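Participant: Curious how this folds, go ahead:
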Amino acid sequence: MAQSSAAPPKERYIPNGLKFAFGGLAGMAATCVVQPLDLIKTRMQLSGSGKSSFAVAGEIVAKEGFFSLYAGLSAGLLRQATYTTTRLGVYSWLFDAYRERNAGANPGFGTKTMLGVAAGSIGAFVGTPAEVALIRMTADGRLPQEQRRNYKNVADALIRIVREEGVLKLWRGATPTVGRAMVVNAAQLSTYSQAREALAGRVPDGVALHFCASMVSGLVTTIASMPVDIIKTRIQNAAKGQSQLSVVTSLLRNEGVLSLWKGFLPYYARLGPHTVLTFIFLEQMNTAYFKYT
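Facilitator: Residues are numbered from 1 along each chain as shown. Coordinates of the predicted model:
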């Protein structure tokens, strides 16, 4: 009797719905850790002074209290729930779709970059309202008392923006937000995948590999995306009636081209660890899914 050969095990995939959920949860968990750095970065980008990140952090704590470093956390969490959930979910879905159409082969660096751009632009548009609320809430403490918006939480911020300025203001600065996300995701998602492949075998698999790949990815992303990020921040915090063009020209005229990289240290200190933590949390969720299902 001919001996029957066993069929090769079918490759397992995480359902698309869970990919989106895991991406959002990983980003939200990372945000809880790095929110103070995000606030310091925003304050430095809005300030015309040349103060260091440590000086800015000290002033915030001295004038507003330690817990003010977590101002805007609810908006930061909503941003991750919308933006990160969408971008990581779409990227994972596109990545797997490519492999299915190419007999399991991984996409090359150029293709990964294009997948990152597509995923980032979609996620950014979905997350822009939370981004607007986040910028305003983290910036509020630097204003005089009579000029502060004093949003209670992200829901209050969104409702008041719609009531006082109109629903379209929720997407104020959507163009630079999407532009920044395209740069960030082209750099972040593609360089993370590439760095992980390059470091595999040289760095022990697991958290150590995720950490090293994420720090490389975070550095490249910071250098590439900071100019678009500071323009986005200035536009979304601008006073009512101020045009986007006037915001940009005023920034360049008064502070110079190098101001586009203002706050580099807190930006990377925020983006690097956030990238590390997001991918570590995401990888651990993926590992747990395959282990327990």
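Participant: how close does the spatially closest residue to Gly76 that is not a sequence neighbour sit to Leu271?
Facilitator: Nearest residue to Gly76, sequence neighbours excluded (Cβ to Cβ, 6 or more residues apart in numbering): Thr31, at 4.7 Å. All C-beta spots, glycine's among them, are computed from the backbone N, C-alpha and C. According to Cβ to Cβ, to the nearest Å, Thr31 stands 12 Å off from Leu271.
Participant: rewinding a little: can you tell me which residues contact the residue nearest to Gly76?
Facilitator: Neighbouring residues of Thr31 by Cβ atoms under 8 Å, 6 or more residues apart in numbering: Asp38, Leu73, Gly76, Leu77, Arg79, Gln80, His274.
Participant: Quick check: the last one touching Ala30?
Facilitator: Meaning His274. Yes. Assessed by Cβ atoms under 8 Å, His274 is found in contact with Ala30 at 4.8 Å.
Participant: re earlier: show me which of the contacts of Thr31 is closest to Gln244.
Facilitator: Nearest to Gln244, judged by Cβ to Cβ, of the contacts of Thr31 is Arg79 at 20.5 Å.
Participant: Just the mean pLDDT for stretch 208-215, thanks.
Facilitator: Stretch 208-215 carries an average pLDDT of 82.
Participant: okay, that stretch in PDB with CA atoms only?
Facilitator: C-alpha atoms of stretch 208-215 as PDB (Å, rounded to 0.1, in the frame of the first residue of the first chain):
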ATOM      1  CA  ALA A 208      15.900  42.700  22.300                       C
ATOM      2  CA  LEU A 209      15.400  42.400  18.600                       C
ATOM      3  CA  HIS A 210      12.200  44.500  18.700                       C
ATOM      4  CA  PHE A 211      13.900  47.100  20.800                       C
ATOM      5  CA  CYS A 212      16.900  47.500  18.500                       C
ATOM      6  CA  ALA A 213      14.800  47.600  15.300                       C
ATOM      7  CA  SER A 214      12.400  50.100  16.800                       C
ATOM      8  CA  MET A 215      15.200  52.500  17.900                       C
END
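Participant: so where's the protein shaky on pLDDT?
Facilitator: Where the chain drops to pLDDT under 70, the residues are 1-12, 48-50, 189, 239-241.
Participant: Toward the C-terminus from the helix or strand where Ile235 lies, list the very next helix or strand.
Facilitator: Assigned by DSSP states H and E, Ile235 belongs to helix 207-237. Per DSSP H and E, the first helix or strand lying C-terminal to helix 207-237 is helix 244-255.
Participant: quick one: that next one to helix 207-237, angle?
Facilitator: For helix 244-255 against helix 207-237, the angle by axes from the mean of the first three to the mean of the last three Cα atoms, to 10 degrees is 110 degrees.
Participant: Begin at 579, not 1, for the rest of this chat.
Facilitator: Got it, the first residue is 579 from now on, which makes the last one we talked about helix 822-833.
Participant: May I see the buried residues of helix 822-833?
Facilitator: Residues of helix 822-833 classed as buried by neighbour count (16 or more other Cβ atoms under 10 Å): Gln822, Val825, Leu829.
Participant: middle-most residue in the chain, spatially?
Facilitator: By Cα atoms, centre = their mean, the mean C-alpha position of the chain lies nearest to Thr662, the distance being 6.7 Å.
Participant: count of neighbours near Phe868?
Facilitator: If you count neighbours by other Cβ atoms under 10 Å, Phe868 ends up with 10.
Participant: Now do whichever strand or helix holds it and helix 785-815, the angle between them.
Facilitator: If you go by DSSP H and E, Phe868 is part of helix 842-870. Using the same axes, to 10 degrees, one finds that helix 842-870 and helix 785-815 are set 130 degrees apart in direction.
Participant: so Val781 makes contact with Leu787?
Facilitator: Yes. Val781 lies in contact with Leu787 (Cβ under 8 Å); the separation is 4.7 Å.
Participant: ok, back up a step: now the buried residues of helix 822-833 as CSV including distance to Ala708?
Facilitator: Listed next are the buried residues of helix 822-833 as CSV, based on distance: Cβ to Cβ, whole Å:
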residue, distance to Ala708
Gln822, 19
Val825, 20
Leu829, 24
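Participant: out of these, who's nearest Arg774?
Facilitator: Leu829 (36.1 Å).
Participant: And for Ile592, nearest residue in space, chain neighbours not counted?
Facilitator: Nearest non-adjacent residue to Ile592, counting by Cβ to Cβ, 6+ apart: Tyr867, 5.6 Å away.
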